[in-house]
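Asks: have a look at this prediction, sequence included:
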Amino acid sequence: MVNLGILAVILVIYIGIVSYLTYLGSQQTKNVEDYAVAGRRMPGWIMALSYASTFISTSAIVGFGGAAGVFGFTLLWLALLNSLLGIFVAFILLGNPIRQMANNLKSHTLASMLGERYQSKFITWFIGLMIFLLMPAYTGVVLVGGARFMQEALQMNYQLALVVLAVIVAFYVSWGGLKGVMYADAFMCGMMLLGMVLLLFKTYAVVGGVTTGHQALTGIANLVPENLAKGGHLGWTAMPKWGSPIWWTVISTIVMGVGIGVLAQPQLTLRFLTVPSRQALNRAVLAGGISVFFFTGTAFMVGPLTNVFFYQTTGKIAIAAAQGNTDLIIPTFINSVMPPAYIYLFMVTLLSAALTTVLGLIHVQSVAFSRDLLATWNVKANPMLLSRAGVYIGTLGAVVMAFILPPSIIARATAFWFGICAAGILPALLGAIFWRRVTKTAAVLSVASGYGVSIFGFVFLHAAEAVPFGISKALFGKPTLLPFPWTHVDPLFYSIVISASVLIITSFVGKPLPEEHVAKCFHGMGRRERTVGEQVGV
């Protein structure tokens, strides 16, 4: 039974703290730059905690934790990539060039920075359009993760939980801007870290410890469902069979799709624009690295071990105990092993995970709507009003997607969004900050081909999406155009190669951008950068 007294006290304290931090942000939000990039003066440690908490959402804890319950410890490779690429490479190699170039070009978004860098309005509005149209699918699955846990923990109506989360998100983003979002993110990151550490220790306690738990998991490999075993599943402590359908799904879609795609996430790269200097980014690495390691590592270790617990207590493996829905594995496990007080604490943890990510995603969609789309099309209106209108439109889109998406969708939809961003944005982004020779035409064709080939792959080749879409079946009479392995190879694998090849080859045969413009873009890069305050004479 839900103890309404305890729950009410926890929620009042939690909402009070988040509201106060958002209020502080709103008081410091005076103009569009404050709303969009937090005035470019955010301390590095706050940026790191905001980045980590935005990066790791309920899609990682609930969705990917549930996927790990099905596929096993193989998903720990994704945790490794998240730490190496998502934190160390992103902060140390990419963060400062992106920050410096955006500052040189007075850009407030990733799309506007790339558009200014390549002198292409098409790139700005096209990437902004992709964000505004396709990001709601990812935002929707993050809402699904939070709502699923509220459904299990509080025994409340799932649709009601979705609406409650959406209303909270719309309120906080429109009120506090990015400063309010990041202040709240930092607090909620602490709550998430506490909850995940407790979950990890509790999980190993209920399965008998590290050695006993892992041995028990190895010992029940014969319980892998027949359809998974035929697909290449060799047990929860073993890699899938090389080249099998499950190997391609786990490695190409989940591990590589999300692991590489994190480098091109608009809501994450936006955080680099908020700090004043390279030093702030360097100081942020430790806090961000520790947070991401515990968030992803915990989810991907707990997921497989739920099979041991459920088998020992119910005689079923995790996916059977969750009634076939991978998105319910982690919520069901927590509800089964934790005392009520911890369930309330972990509800706050997952609520934080949902809110931090959705706040960041909705903020990016609002800025894409107001700055990348309408401003590029010369729509004359108050930019703050347009941004807030973008908040409400983006929130509505996310709620609609959350209602219509099928079960067990969180991990797949996350991989879809991360992969499509990597294919469409990453080659042009790397070229923008590291290669002066890239031409406007090359960048335009790279972005268009990356998105185009990736979408084509999802609609006509990759079975997980092509079959439910049904477009290939309707047009050509067969669910996918090509046979295995193309039905299981994530479109990221070939779309990013095509996008990068187009960028490189076309740049060598096209006309370079004006030298004075390129010099402006790269001003201050490669030497000791001044802080924003020094640049404006503060």
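Replies: All right, it came through fine.
Asks: which SSE is V9 in?
Replies: Secondary structure from DSSP states H and E places V9 in helix 4-27.
Asks: which strands and helices sit next to that helix?
Replies: helix 158-206, helix 340-367 (3 or more CB pairs under 8 Å, 6 or more residues apart in numbering; DSSP states H and E). Glycine gets a C-beta too; all of them are placed from N, C-alpha and C.
Asks: next, the angle from it to helix 340-367.
Replies: Helix 4-27 and helix 340-367 are oriented at 30 degrees to each other (axes from the mean of the first three to the mean of the last three CA atoms, to 10 degrees).
Asks: wait, M301 sits on T203?
Replies: Yes: counting by CB atoms under 8 Å, M301 touches T203, with 7.3 Å between them.
Asks: distance of the most centrally placed residue in the chain from Q151?
Replies: Geometric centre of the chain, nearest residue: F55, 5.0 Å, by CA atoms, centre = their mean. Between F55 and Q151 the computed distance is 25 Å (CB to CB, to the nearest Å).
Asks: and the helix holding V9, average pLDDT?
Replies: Mean per-residue pLDDT for helix 4-27: 80.
Asks: the inter-axis angle of that helix versus helix 158-206?
Replies: If you take the same axes, to 10 degrees, helix 4-27 sits at 110 degrees to helix 158-206.
Asks: so what touches helix 4-27?
Replies: With contacts defined as CB atoms under 8 Å, 6 or more residues apart in numbering, helix 4-27 is touched by 154, 172, 175-184, 186-188, 191, 340-341, 344-345, 348, 351, 355.
Asks: and for N222, the neighbour number?
Replies: 7 (other CB atoms under 10 Å).
Asks: contact partners for M182?
Replies: Taking CB under 8 Å, 6+ apart as the test, what M182 contacts is 25, 38, 42, 46-47, 50, 271, 274.
Asks: follow-up on the earlier one: beyond the helix holding V9, next helix or strand please.
Replies: Criterion used, DSSP H and E; the element after helix 4-27 is helix 32-37.
Asks: my guess is R283 contacts G44. True?
Replies: Yes: R283 lies in contact with G44 (CB under 8 Å); the separation is 4.3 Å.
Asks: the two: which has the busier surroundings?
Replies: More crowded of R283 and G44, by other CB under 10 Å: G44, with 23 against 17.
Asks: got a pLDDT number for that one?
Replies: pLDDT, G44: 85.
Asks: can you give me the buried ones in the helix holding V9?
Replies: 7, 10, 14, 18-19, 21-22, 25-26 (16 or more other CB atoms under 10 Å).
Asks: next one: stretch 487-507
Replies: 487-496, 498-500, 502-504, 506-507.
Asks: quick one: average pLDDT of it?
Replies: Mean predicted confidence for stretch 487-507 is 95.
Asks: what sits against the closest residue to T439 other than its chain neighbours?
Replies: Once flanking residues are discounted, T439 sits nearest to G510: 3.7 Å by CB to CB, 6 or more residues apart in numbering. G510 makes contacts with 439-442, as judged by CB under 8 Å, 6+ apart.
Asks: please repeat the previous calculation with a cut-off of 6 Å.
Replies: For G510, the contact set (CB atoms under 6 Å, 6 or more residues apart in numbering) comprises 439, 441-442.
Asks: next, it: phi, psi?
Replies: phi -100, psi 180 (degrees, to the nearest 10).
Asks: now do whichever helix or strand G431 is part of against helix 340-367, angle only.
Replies: In the assignment (DSSP H and E), G431 maps to helix 410-434. Compare the direction of helix 410-434 with that of helix 340-367 by the same axes, to 10 degrees and you get 50 degrees.
Asks: may I see the buried residues of helix 410-434?
Replies: 410-433.
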